[in-house]
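Everything below, folded, please.
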Amino acid sequence: MESKLRNDKEIIINILARILYEVETHNISIEKAFKKACSAYKCPRDTSTREYIYEKSRDFIKNIIKLRCLAGERISRKRLAKLFISNPQIIDEKIDLGPWCRYSVPKWLYEELRSLLDESEANSLLSSLDKRFYWLRINTLKASEEKVLRLLEEDGIIVERDKDLWYLYRVLDFKKPLRYSRAIRNHYAILQDKASCLVVEALKPEKGDKILDMAAAPGMKTSLIAMLTDEEAKIVAEDISRKRVGIMQHLMMKLGVKKSVDILLADGRFSPQRSGYFDKILIDAPCSSSGAMGKDPAVRISLLKRDKINYYRKIQESLLSRALELGEEIVYAVCSLLPDEGEEILLKFSGKVLFERILENFSRGYNKYSGFEYFARTFPQRDSSEGFFIAKLRRSI
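Prediction:
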């Protein structure tokens, strides 16, 4: 029965339509939407079949804007899914569409990126947005590099050491889903994007530092700080979500973080910490996630509402304002391609802070903004990573 599901177009169409409904209605990730749809339509437990449906759903959501350009905005979700399944080659047909339709991104996002980058670079970026890159961080709190590499090789995972970060490897090929690898299941290796690691590198955590992570959950960057300091820094990790704090507490135990992190349920905008106590503060602020479309294609749909950016900007400004009250050295980062959440946020504080040039081997900020040379950006087409904005600043008064 399960083996026949791949050929049962009607079931797959229903699942894809339900996933689109969940993403559009509840603004959730592709993974959460897939789980909900599978619960409703009883997806098989067979790994290969389930992976097949999941990959189909990713491709469907990734191309949804293009499909609506082709079929019209008023077409039902089920008819869109049927068009995608019954005529998959339509995605690759050379049809005269607006460029945002061809790249399957919101029109306003296409126009903004074109205004920030030259045509060649913008097209290269837009073409790379649907690519997934996998990076593995060696977790030296639990295993040696030699042990991790041996397990990865035995599991058929081919990796290449990163030229910039000694503990990071790019995954080049794998036979089974990475989550089934023994190294990953045992948390000897951690799936963590290179850009995420660079945020911590910009902070330069050292033994003895008192560090505040203001929006910490689920805790990947927190655990990297603990690893790089051999758990000899004092880390306070805050998050506003009780559920995410619980997940983070459980994750720290799994990752081998035993003594260096205090986890606190708190809204970073109103952090209860004592002013001037911390040596360094990390803000990986809530944002549009426009730099993570390769990881989660549902971001394309959430970005259809431009006003979502203003919602995040207010949070970002408040977090940075509070951080300046609590410490002198701050790293601010967002997984965003948009200057609204990067350069423009930082320049609001330009009279109160000094910027420090960081991450010399990576791209600078967008050059239409003053001070762009101090800021760092990662791009998928250049760095094989998510798109991040990273800045380091100190109080000047």
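
ok, which stretches of the chain are strands?
135-138, 158-161, 168-173, 189-191, 210-213, 234-239, 261-265, 278-284, 327-334, 353-356, 363-364, 376-378, 388-395 (DSSP state E).

Export these to TSV and append columns for distance to Ile19.
Any C-beta I mention is one placed from the backbone N, CA and C, and that applies to glycine too. Formatted as TSV, these follow (distance: least, Cβ to Cβ, whole Å):
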stretch	distance to Ile19
strand 135-138	26
strand 158-161	31
strand 168-173	26
strand 189-191	22
strand 210-213	33
strand 234-239	28
strand 261-265	32
strand 278-284	28
strand 327-334	27
strand 353-356	42
strand 363-364	34
strand 376-378	29
strand 388-395	27
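
Mean neighbour count, mean pLDDT and distance to Pro99 added to those, as CSV?
Output for the strands of the chain, formatted as CSV (neighbours: other Cβ atoms under 10 Å; pLDDT from 0 to 100; distance: least, Cβ to Cβ, whole Å):
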stretch, mean neighbour count, mean pLDDT, distance to Pro99
strand 135-138, 24, 98, 30
strand 158-161, 14, 98, 33
strand 168-173, 16, 98, 30
strand 189-191, 22, 98, 33
strand 210-213, 23, 98, 39
strand 234-239, 23, 98, 39
strand 261-265, 17, 97, 45
strand 278-284, 23, 97, 32
strand 327-334, 23, 96, 25
strand 353-356, 17, 96, 34
strand 363-364, 16, 98, 23
strand 376-378, 25, 98, 22
strand 388-395, 23, 96, 24
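
show me what contacts Val261?
Residues near Val261 by Cβ atoms under 8 Å, 6 or more residues apart in numbering: Gly219, Thr222, Ser223, Ala226, Ile235, Val236, Ala237, Met252.

Same check on Val299?
Ser288, Ser289, Ser290, Ala292, Met293.

Could you find the closest non-adjacent residue to the second one?
Right, the one you point to is Ser289. Val299 (5.0 Å; Cβ to Cβ, 6 or more residues apart in numbering).

Give me the pLDDT value at that neighbour.
The model reports Val299 with a pLDDT of 97.

Counting neighbours, show which residues of stretch 179-194 come out buried.
Ser181, Ala183, Ile184, His187, Tyr188, Ala189, Ile190, Gln192, Asp193, Lys194 (16 or more other Cβ atoms under 10 Å).

so what's the closest residue in space to the first one that isn't next to it in sequence up against?
Using Cβ to Cβ, 6+ apart and skipping the chain neighbours, the partner closest in space to Ser181 is Asp155 (4.7 Å). The contact partners of Asp155, taken as Cβ under 8 Å, 6+ apart, are Phe174, Lys175, Lys176, Tyr180, Ser181, Arg182, Ala183.

now the stretch 1-150 of the chain, which segments are flagged as low pLDDT?
Low-confidence segments of the stretch 1-150 of the chain, defined by pLDDT under 70, are located at 1-7, 94.

mind listing what Lys36 touches?
Lys36 neighbours (Cβ under 8 Å, 6+ apart): Arg18, Ile19, Glu22, Ile28.

Adding distance to Arg58 and neighbour count, write those out as a markdown table.
Shown next, in a markdown table, are these (distance: Cβ to Cβ, whole Å; neighbours: other Cβ atoms under 10 Å):
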| residue | distance to Arg58 | neighbour count |
| --- | --- | --- |
| Arg18 | 15 | 22 |
| Ile19 | 9 | 31 |
| Glu22 | 14 | 21 |
| Ile28 | 14 | 18 |
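
In helices, which of the residues you listed appear?
Arg18, Ile19, Glu22 (DSSP state H).

The first one and Ser39 touch, don't they?
No: in this structure, Arg18 is not within contact of Ser39 by Cβ atoms under 8 Å, at 9.6 Å.

re the thing from before, so which of the contacts of Asp155 sit within helices?
Filtering the contacts of Asp155 for helices - DSSP H - leaves Arg182, Ala183.

Including pLDDT, could the contacts of Asp155 go into TSV?
Converted to TSV, the contacts of Asp155 look like this (pLDDT from 0 to 100):
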residue	pLDDT
Phe174	95
Lys175	90
Lys176	89
Tyr180	92
Ser181	96
Arg182	97
Ala183	97
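
I'd like the contacts of Asp155 as a markdown table, with distance to Val159 appended.
Output for the contacts of Asp155, formatted as a markdown table (distance: Cβ to Cβ, whole Å):
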| residue | distance to Val159 |
| --- | --- |
| Phe174 | 9 |
| Lys175 | 13 |
| Lys176 | 15 |
| Tyr180 | 16 |
| Ser181 | 11 |
| Arg182 | 14 |
| Ala183 | 10 |
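
from the contacts of Asp155, which is closest to Lys56?
Nearest to Lys56 among the contacts of Asp155: Lys176, at 18.4 Å, using Cβ to Cβ.

I'd say Leu359 and Tyr374 touch.
No: contact criterion Cβ under 8 Å: Leu359 and Tyr374 do not qualify, at 10.4 Å.

Return the residues in contact with Asn14.
Contacts of Asn14 by Cβ under 8 Å, 6+ apart are Tyr41, Lys78, Ala81.

Please name the nearest non-neighbouring residue to Leu67.
With Cβ to Cβ, 6+ apart, the residue lying closest to Leu67 is Leu80, at 5.4 Å.

Thanks a lot, catch you later.
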